[in-house]
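S.K.: quick one, what's the 3D model for this:
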Amino acid sequence: MRLAFAGASVVLCAAAACSGGDAGPRPTPTLLPPEISPALRVLGEGSLQLEISPGGRQLIEPLKLAQAFGTPPDCASLAFLFRWRMNGDDEVRFEGQLRGSAVAIEQGNNGSASVGCMVVEAVNDGHETIHGDLRYYVAESR
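M.R.: Here you go, the predicted structure:
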């Protein structure tokens, strides 16, 4: 797994913690949560439907998503962890922008990744519309 999150090393462990309440997006119950480092404090979780036309991109903005859980952390301590699963044989590529350059995050039919403070794009390099689910956690460094 390639990690584009710099700041807190992601030590893999099973995690079930999340902030509760009725505010914010609901998680996709059929996707397991991404693995979360004990060095992170989870602020909230949610899910997104991925639907990307051929050659298209779907923008995912972690700082905006974090606002659903209260005041977002500062950019230096933000962590955005996610797991995705595409329908059928569909594949997606995730990339971000860091200091004006595109950064490869991860790609495939399913998987997980974590990033720091960057806008993420889900990219469809194929010739047909792709569909899938993405479950995410917004966290901050302890």
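S.K.: residue 56 contacts residue 122, doesn't it?
M.R.: No. Counting by Cβ atoms under 8 Å, residue 56 does not reach residue 122; the two are 9.0 Å apart. All C-beta spots, glycine's among them, are computed from the backbone N, C-alpha and C.
S.K.: which of those two has more neighbours?
M.R.: Higher neighbour count among residue 56 and residue 122: residue 122, with 25 against 15, using other Cβ atoms under 10 Å.
S.K.: now residue 72, what's its secondary structure?
M.R.: Per DSSP: H, G, I helix; E, B strand; the rest coil, the local secondary structure of residue 72 is coil.
S.K.: can you read off the pLDDT for it?
M.R.: If you check residue 72, the pLDDT there is 88.
S.K.: one more: the one 4 residues further on?
M.R.: Note for residue 76: predicted pLDDT of 92.
S.K.: from what I can see it touches residue 117, true?
M.R.: Yes. Using Cβ under 8 Å, residue 76 is in contact with residue 117, at 7.1 Å.
S.K.: looking at these two, which is more packed in?
M.R.: residue 117 (21 against 11).
S.K.: residues contacting the more buried one?
M.R.: By Cβ atoms under 8 Å, 6 or more residues apart in numbering, residue 117 lies in contact with 62-63, 75-76, 78.
S.K.: kindly recompute the last result at 10 Å.
M.R.: 5-7, 62-63, 66, 72-80, 96, 98 (Cβ atoms under 10 Å, 6 or more residues apart in numbering).
S.K.: any shared contact partners between residue 56 and residue 122?
M.R.: residue 130.
S.K.: so in terms of bridging, what pairs with the residue nearest in space to the middle of the chain?
M.R.: Compute the mean C-alpha point of the chain, and by Cα atoms, centre = their mean the closest residue is residue 82, 3.3 Å away. Counting by DSSP bridges, residue 82 forms beta bridges with residue 113, residue 136.
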